[in-house]
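Enquirer: turn this into a structure:
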Amino acid sequence: MKFTIPFSALIAAATVLGNVLPREEKYDEFDERCVKAKEECYFVIEKCLNIVVLKDSRQQVCDSFKTDKCQKDVEYCITTLDKCPGDRTARLRWGIESYSNSFKVICTKDENNQFCPFFDISETRDNGKKEESYDKMVNEACKSKICSDTLYNVFGKNSHPQKLEALKDKVVNKDFTVNDFSEEEKVTSLEYYVMHFLKSDYCTSQQGKTGAANSSNTANAANTANTANTANTVNTTNTTNTANAANSTATENKQSSDATTTMKLSIYSTILAIIFALL
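Expert: Numbers count the residues shown, from 1 in each chain. This next block holds a predicted model:
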């Protein structure tokens, strides 16, 4: 059995459970409100939930998603389509709600205003590195309380407390690795271990120690702790060689930082396949 626990499917799970709850007022299939909503809500997906361009324009897409207008439009689609009959309409509603839930996670930023690592995963569908990418997502989340709490809540939406309680005495003393689990454990208990791992001292002790991967300040700090102070000292003492060395170091740091910042990050987004398979 292959490892098949798509992160986005966990986000969508709460949406699926919500669909079994009793609905309120229902409209007729040809009600003008239903016809209008179905037409408009496809445009809402394109405007506010455009996961296709998220790979290259995450900041722009997330900024759009978070606007009051997009939030109101998404809520309008979910609320209105919920009252309209038909399988295709139900799938459209489910898709919009799933997209919205996914974007709330994808667009989460850490304490340094950098995106959490939930979808900075490179082409895992085709290159056989799904486990490696999953490991990266969990371990990188430890570096931020915001990111780790968000990931914990995603896994915890539909969890069973007793299964998590059973892991309370399990010692965590190394990075999370999917391959430490049997195929059966990956299906039955992996998500609970992730939750346990995220709350462990091993994980929480990393919070705040490492800045965002693309932080120019962090990159510079790694090479010279107080560049500005050093530069001031150089100017004060008029030590030419030291000044040149400082400038050289600053240039190297900037080049390194720029290279890191301009790297393109691919996104493995299982939710895309799930939604379009249903529509």
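
Enquirer: tell me where the model's unsure across the stretch 1-150 of the chain.
Expert: Within the stretch 1-150 of the chain, the segments meeting pLDDT under 70 span 1-25, 120-128.

Enquirer: and the helices in it, which stretches?
Expert: Counting by DSSP state H, counting those that start in this stretch, the stretch 1-150 of the chain has helices at residues 7-18, 32-48, 58-65, 68-81, 87-106, 124-127, 130-141, 145-156.

Enquirer: quick one: closest of those to Leu167.
Expert: Counting by CB to CB, Leu167 lies closest to helix 145-156 out of the helices of the stretch 1-150 of the chain; the figure is 12.5 Å. Any C-beta I mention is one placed from the backbone N, CA and C, and that applies to glycine too.

Enquirer: so what touches that closest one?
Expert: 7, 10-11, 105, 108-111, 116-118, 137-138, 140-142, 191-192, 194-195, 198-199, 203-204, 207-208 (CB atoms under 8 Å, 6 or more residues apart in numbering).

Enquirer: now list the buried members of these.
Expert: Among those, those buried by neighbour count (16 or more other CB atoms under 10 Å) are 7, 10-11, 105, 108-110, 116-118, 137-138, 140-142, 191-192, 194-195, 198-199, 203, 207.

Enquirer: among the helices of the stretch 1-150 of the chain, which is nearest Glu165?
Expert: Comparing the helices of the stretch 1-150 of the chain by CB to CB, helix 145-156 comes nearest, at 12.8 Å.

Enquirer: and the next element down the chain from that closest one?
Expert: Downstream of helix 145-156, the next assigned helix or strand under DSSP states H and E is helix 161-165.

Enquirer: what residues sit buried inside that next one?
Expert: Buried residues in helix 161-165, counted by 16+ other CB under 10 Å: Leu164.

Enquirer: show me what the helix or strand that comes right after it is packed against.
Expert: Once the chain leaves helix 161-165, the next helix or strand it forms, by DSSP H and E, is helix 183-188. The criterion is 3 or more CB pairs under 8 Å, 6 or more residues apart in numbering; DSSP states H and E, and there are no helices or strands that helix 183-188 contacts.

Enquirer: who's in contact with the next helix or strand after helix 183-188?
Expert: Toward the C-terminal end, the helix or strand that comes next after helix 183-188 (DSSP H and E) is helix 190-198. Applying CB under 8 Å, 6+ apart, the set of residues contacting helix 190-198 from outside is 5, 10, 138, 141-142, 148, 151-152, 155-156, 159-160, 163-164, 166-168, 170, 172, 176, 178, 181, 203-204.

Enquirer: quick check: angle from helix 190-198 to helix 145-156?
Expert: Per axes from the mean of the first three to the mean of the last three CA atoms, to 10 degrees, the angle that helix 190-198 makes with helix 145-156 is 150 degrees.

Enquirer: helix 190-198 vs helix 130-141, what angle?
Expert: Calculated by the same axes, to 10 degrees, helix 190-198 forms an angle of 30 degrees with helix 130-141.

Enquirer: send the alpha carbons of helix 190-198 over as CSV?
Expert: Taking C-alpha atoms only, helix 190-198 is exported to CSV below (Å, rounded to 0.1, in the frame of the first residue of the first chain):
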residue,chain,number,x,y,z
LEU,A,190,0.0,8.7,11.6
GLU,A,191,-2.1,11.9,12.0
TYR,A,192,-2.3,11.4,15.7
TYR,A,193,1.5,11.0,16.0
VAL,A,194,1.8,14.3,14.0
MET,A,195,-0.4,16.0,16.5
HIS,A,196,1.6,14.5,19.4
PHE,A,197,4.9,15.5,17.7
LEU,A,198,3.8,19.1,17.2
